[in-house]
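Colleague: compute the structure for the input listed below.
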Amino acid sequence: MNSLHPAYDWQKVARQALTSRAMDDLEENELTPQGHVIYQFCARGHELGQALISQLMGHPFDGASVYYRSRPFLLGVGLTVDESFASGMGKEMGVSRGRDVGVVINMPRREKCTVLPMAGD
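Modeller: Numbers count the residues shown, from 1 in each chain. All right, here's what the predicted structure looks like:
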């Protein structure tokens, strides 16, 4: 990959952005009103930049510190859709095993970088 002009996988970028947007819609319109998700923090409008940056985080010692609207980035570095929904619902199969509000995620290196613990402030 040329560091000045990276070659992005545009299909993956589109899939990440659209998946994140669909998840936001489902949480906002169904899961939160039904009480399945307590805290919903939409990433709408943040998808493209995060999807692009996630593709650049592939070096062995890369790390990222994300914030509560970082689902598009997290999907790009290895978070699964199931884990994301489970985290938001406080379920055991979520990233923190149900111990957070679903948006305060840290994650060991998977496909890309290590996601460092997130500050809630």
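Colleague: for whichever strand or helix holds residue 50, buried residues please.
Modeller: For residue 50, the host element (DSSP states H and E) is helix 47-55. Applying a neighbour-count criterion of 16 or more other Cβ atoms under 10 Å, one finds 47, 50-55 buried in helix 47-55. C-beta coordinates here come from the backbone N, C-alpha and C atoms, glycine included.
Colleague: residues in contact with it?
Modeller: By Cβ atoms under 8 Å, 6 or more residues apart in numbering, the residues outside helix 47-55 that reach it are 6, 8-9, 12-13, 16-17, 20-21, 43, 70, 72-77, 112.
Colleague: need the buried residues of helix 47-55 in TSV with distance to residue 39, can you?
Modeller: Written out in TSV, the entries for those read as follows (distance: Cβ to Cβ, whole Å):
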residue	distance to residue 39
47	19
50	19
51	23
52	26
53	24
54	23
55	28
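Colleague: closest one of the residues you listed to residue 108?
Modeller: Of all these, the one sitting nearest residue 108 is residue 54; the distance, using Cβ to Cβ, is 15.7 Å.
Colleague: what's residue 107 sitting at in phi/psi?
Modeller: In terms of degrees, to the nearest 10, the main-chain angles of residue 107 are phi -150, psi 130.
Colleague: tell me the contacts of it?
Modeller: Per Cβ under 8 Å, 6+ apart, neighbours of residue 107: 74, 77-79, 95, 114-115.
Colleague: how about 10 Å then?
Modeller: Listed by Cβ atoms under 10 Å, 6 or more residues apart in numbering, the contact set of residue 107 reads 64, 66, 74, 77-79, 83, 95-96, 113-118.
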